[in-house]
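**Q** Sequence first, predicted coordinates after that:
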Amino acid sequence: MTARRDKPEKIRCDACPVMCYIAEGRIGACDRYANAAGELVRLDPLTIIDHSADKLVPFLGDNDPAEWDGDILATERPFVTAVGAGTTYPDYKPAPFIVSQEVDGVDMVTVVTEGIFSYCGVKIKIDTDRHIGEERDVVRAGDEPVGHVMTSEYGSKMLSLGGVEHLTGGSKAEGRITCDTLLKLCNREAVELTIGDTAHATSVIVQAGQPPVIDGETERLMRVGCGSAAIGMFAKQWAGHVDDVVVVDDHITGVLSEHQAGKLLDIPPTGIGIRGRRSTPGRYFQVANSGTGWGGTDIVDPLTILKPFNPKIAQAGQSLMMVSTTGEQYAYFVLDDALVPRPADIPADLRKSAELIAENCEPSVCSVLFMGGAGGSLRAGVTENPVRLTRSVKEALTRVSCGGAEAYVWPGGGITVMADILDMPLGSFGYVPTPALVAPIEFTLRASDYADLGGHVQEVRNIRDILKPTTRRLRPPSAQNAPIDTARFGWSGGGSEA
Ligand code: SF4
């Protein structure tokens, strides 16, 4: 007779549209939920940001739970984030945690959920002058397009990655790779991206809070300003020490003797000629192509941007300093009898001025901002009348945060938020294979306002009832106000600015 082993029953996870069947001891497709002895459990602990703790307590679960007296409320101001909170699906169900607590004598409610975002992406700011690609160039991870180059900002290149077009509008591989790229970036991992087509492809390794690595070279400094701004800032250091200075920049190259700063310091004309398009006195556009050379141009030899000196003005022996906008490259020349600039040893004062430019440059870093839309469905987990939540956010009655990080809410319709992932606890993001990113989102408001907007008031639990020894307690990852700080709400005279 053969013994029959009963197969343990699988349970169904209903936290997202994938609806996994999970066998006992196994985890679901997103690694977030598991079947533990027949019970569906969220694997990561609920995370509390403790805004007044004086030391970091990474995982209380790592310590002896018996040591925890459970009285976090007595002396501290905890904020319940959505990290580890779980998701409800479909969203007409109340959010996983709707938590009440008294703050400064006001009854407050925080509604937390790990939102499943199909409409989401990241905006990346890369502090560098180096050319990483043309505006609108496609950005790839592996072979798949995951975003594009946006308009450059002052001293920084900008990328927009993700979005519903890449997550759902392309091939299955494009959606999967896009989701994976967003997940890694949002969880502070390094990702190698390729920008542009094969003919002019640039490799950029991006990691939040770290310098970019461009074509294998780690960027060090963000430029002090454009070439014209650098002339304005440092003109006084140069006056009397050199006849002319050119600050080489991909966007606006500055020339001391022609610039307004030079005029005010009585620096006489030097007969210098600069290639490119003259914008206003001492400011030139397009002196060279973009690249990874001096000041984000493709030049290695700065003299290539000079035209012959005007013999009616220039004089033999005249000196010229050329410097990049980060001060990392500089050179000194003296005109010979034929008015040709010849390299010479740079005087100590001028070398110091180049070092001063470098000193005034900030370290180059990559910033990753999560951006997503809390659509109609996510809002239903907060209230049966979702548009009232949108109005409440616009009226600054409800504050939105992501993993406890203050979120900027875009003007106009909907609740489109943006938050710096470095302000959020490490590992705040997950994914589901639909594909979509899972991101924490919290709505905080007065209990009375929550009732007014038709919130799920019957689901409200006091914070004391949800805190457990396994709860993960963190200090704020960055200096920021607690989202529950009552001074920040419309009714207290605060605004909705991030
Ligand atoms: S992917 Fe994750 S959240 Fe979705 S059903 Fe499976 S286990 Fe649940």
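**A** Sure, I can see it.
**Q** ranges for the strands of the stretch 251-400 of the chain?
**A** Remark: strands assigned in the stretch 251-400 of the chain by DSSP state E, counting those that start in this stretch are 253-255, 273-274, 277-280, 283-285, 306-307, 319-324, 330-335, 341-343, 366-373, 399-402.
**Q** Excluding chain neighbours, what is closest to the residue in the chain that the ligand sits nearest to?
**A** Using CB to the nearest ligand atom, Gly28 is the residue of the chain that sits closest to the ligand, at 2.0 Å. From N, CA and C alone the C-beta is placed, and that goes for glycine too. Excluding its sequence neighbours, the residue lying closest to Gly28 (CB to CB, 6 or more residues apart in numbering) is Cys20, at 4.1 Å.
**Q** So for the one you found, what's the pLDDT?
**A** For Cys20, the model assigns a pLDDT of 95.
**Q** Now for it: which residues touch it?
**A** Residues in contact with Cys20 (CB atoms under 8 Å, 6 or more residues apart in numbering) are 12-13, 28-29, 33.
**Q** Looking at those residues, state which has the most neighbours.
**A** Sorting the contacts of Cys20 by how many neighbours each has (other CB atoms under 10 Å) puts Tyr33 first, at 25 neighbours.
**Q** Could you find the closest non-adjacent residue to it?
**A** Counting by CB to CB, 6+ apart, Tyr33 lies nearest to Cys13, which is 4.9 Å off, once chain neighbours are set aside.
**Q** roughly how far apart are the nearest residue to Ala396 once chain neighbours are set aside and Ser392?
**A** Distances taken as CB to CB, 6+ apart place Gly490 nearest to Ala396, at 3.2 Å, with adjacent residues excluded. Here the criterion is CB to CB, to the nearest Å. By it, Gly490 lies 9 Å from Ser392.
**Q** Among these two, which residue is more densely surrounded?
**A** Comparing Gly490 with Ser392 by other CB under 10 Å, the one with more neighbours is Ser392, at 24 against 17.
**Q** wait, doesn't that one sit right on Leu445?
**A** Yes. Shown here, Ser392 and Leu445 form a contact pair, counting by CB atoms under 8 Å, at 6.4 Å.
**Q** Identify the contacts common to the two.
**A** When contacts are counted by CB under 8 Å, 6+ apart, the set common to Ser392 and Leu445 consists of 398, 453.
**Q** Quickly find the element holding Tyr92.
**A** Under DSSP states H and E, no helix or strand contains Tyr92.
**Q** Can you give me the neighbour number for it?
**A** Quick note: Tyr92 (other CB under 10 Å) scores 12 neighbours.
**Q** So for Asp14, what's the nearest residue that isn't a sequence neighbour?
**A** Using CB to CB, 6+ apart and skipping the chain neighbours, the partner closest in space to Asp14 is Tyr89 (6.0 Å).
**Q** All the helices of the stretch 301-450 of the chain, in order from the start?
**A** Under the criterion DSSP state H, counting those that start in this stretch, helices of the stretch 301-450 of the chain are mapped to 348-359, 376-380, 386-394, 447-452.
**Q** rewinding a little: columns mean pLDDT and distance to the ligand on top of the strands of the stretch 251-400 of the chain, output as JSON lines?
**A** Converted to JSON lines, the strands of the stretch 251-400 of the chain look like this (pLDDT from 0 to 100; distance: least, CB to the nearest ligand atom, whole Å):
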{"stretch": "strand 253-255", "mean pLDDT": "96", "distance to the ligand": "53"}
{"stretch": "strand 273-274", "mean pLDDT": "97", "distance to the ligand": "59"}
{"stretch": "strand 277-280", "mean pLDDT": "94", "distance to the ligand": "55"}
{"stretch": "strand 283-285", "mean pLDDT": "96", "distance to the ligand": "51"}
{"stretch": "strand 306-307", "mean pLDDT": "97", "distance to the ligand": "62"}
{"stretch": "strand 319-324", "mean pLDDT": "97", "distance to the ligand": "50"}
{"stretch": "strand 330-335", "mean pLDDT": "98", "distance to the ligand": "56"}
{"stretch": "strand 341-343", "mean pLDDT": "98", "distance to the ligand": "64"}
{"stretch": "strand 366-373", "mean pLDDT": "97", "distance to the ligand": "17"}
{"stretch": "strand 399-402", "mean pLDDT": "96", "distance to the ligand": "19"}
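**Q** So what pairs up with the residue most central in space within the chain in the strands?
**A** Nearest to the mean C-alpha position of the chain, by CA atoms, centre = their mean, lies Val368 at 2.3 Å. Beta bridges link Val368 to Ile124, judged by DSSP bridges.
**Q** How much space separates it from Gln315?
**A** 53 Å.
**Q** Thr280 too?
**A** Counting by CB to CB, the gap from Thr280 to Gln315 is 26 Å.
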